[in-house]
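> Fold the following for me, if possible:
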Amino acid sequence: MSKKIKKKARVDGSINKWDVYLNANTRYRFAICCDAGSEGIIMELKEGESVEITGTTFIGNKYEQFFDFTCKKSGNYKVYMSFKEEYKNKKKYCAIGLMGYIGKAN
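Below you'll find the model as predicted:
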């Protein structure tokens with residue numbers, strides 16, 4: 001199962017957010033697909049209304065194209081996708097966020 005997170009995101013530092021329901025004991029992959037690579041684009045996963053980040057593509061000052069997440073608790077999660085502010089005056093480009101099912105956790 002794969003779900004395309006389709007929504008236009010502006011290159012102005014704005015944040016877009018989507019609700020997803022994740023099942024316990026399941027591994028998921030969250031990925032960014034973009035013609036300009038993943039530089040300047042951040043995807044984050046948070047549980048419910050929590051401010052704590054459970055997964056991100058921005059790790060140690062480096063932009064990654066994906067992260068894997070093992071869900072331990074079924075429930076609603078939020079996926080955030082944003083373009084960094086310093087990219088707002090650069091060429092226009094778009095990005096697609098993907099959520100994929102990897103399998104059951106061990």
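
> Pull the contacting residues for the most centrally placed residue in the chain.
For the chain, the residue nearest the mean C-alpha position is Met43 (3.0 Å; CA atoms, centre = their mean). Met43 sits next to Phe30, Ala31, Ile32, Thr56, Thr57, Phe67, Val79, Tyr80, Met81, Gly97 when contact means CB atoms under 8 Å, 6 or more residues apart in numbering. Quick note: C-beta positions are derived from backbone N, CA and C, even for glycine.

> Just the element for it, please.
In this assignment (DSSP states H and E), Met43 forms part of strand 41-47.

> Look at stretch 35-50 and report the distance between its end residues.
Using CA to CA, to the nearest Å, one end of stretch 35-50 lies 31 Å from the other.

> brain fart, stretch 20-33
End-to-end for stretch 20-33, by CA to CA: 19 Å.

> Can you list the low-confidence ranges for this protein?
For the chain, the stretches with pLDDT under 70 are 1-14, 36-38, 85-93.

> and Ile41, how many neighbours does it have?
When neighbours are counted by other CB atoms under 10 Å, Ile41 registers 25.

> Surely it and Met81 touch.
Yes. Using CB atoms under 8 Å, Ile41 and Met81 qualify as a contacting pair, with a distance of 7.1 Å.

> can you list contacts of stretch 47-54?
Applying CB under 8 Å, 6+ apart, the contact partners of stretch 47-54 are Glu44, Leu45, Lys46, Phe69, Lys73, Gly75, Asn76, Tyr77, Lys78.

> Now for those residues: which two are most distant?
Largest separation among the contacts of stretch 47-54 by CB to CB: Glu44 and Lys73, giving 17.7 Å.

> quick one: which of those two has more around it?
Counted by other CB under 10 Å, Glu44 and Lys73 do not tie: Glu44 has more neighbours, with 19 against 11.

> what's across from that one in the sheet?
Thr56, Tyr80 (DSSP bridges).

> what does Met99 give?
In this structure, Met99 bridges to Lys3, Phe30 when assessed by DSSP bridges.
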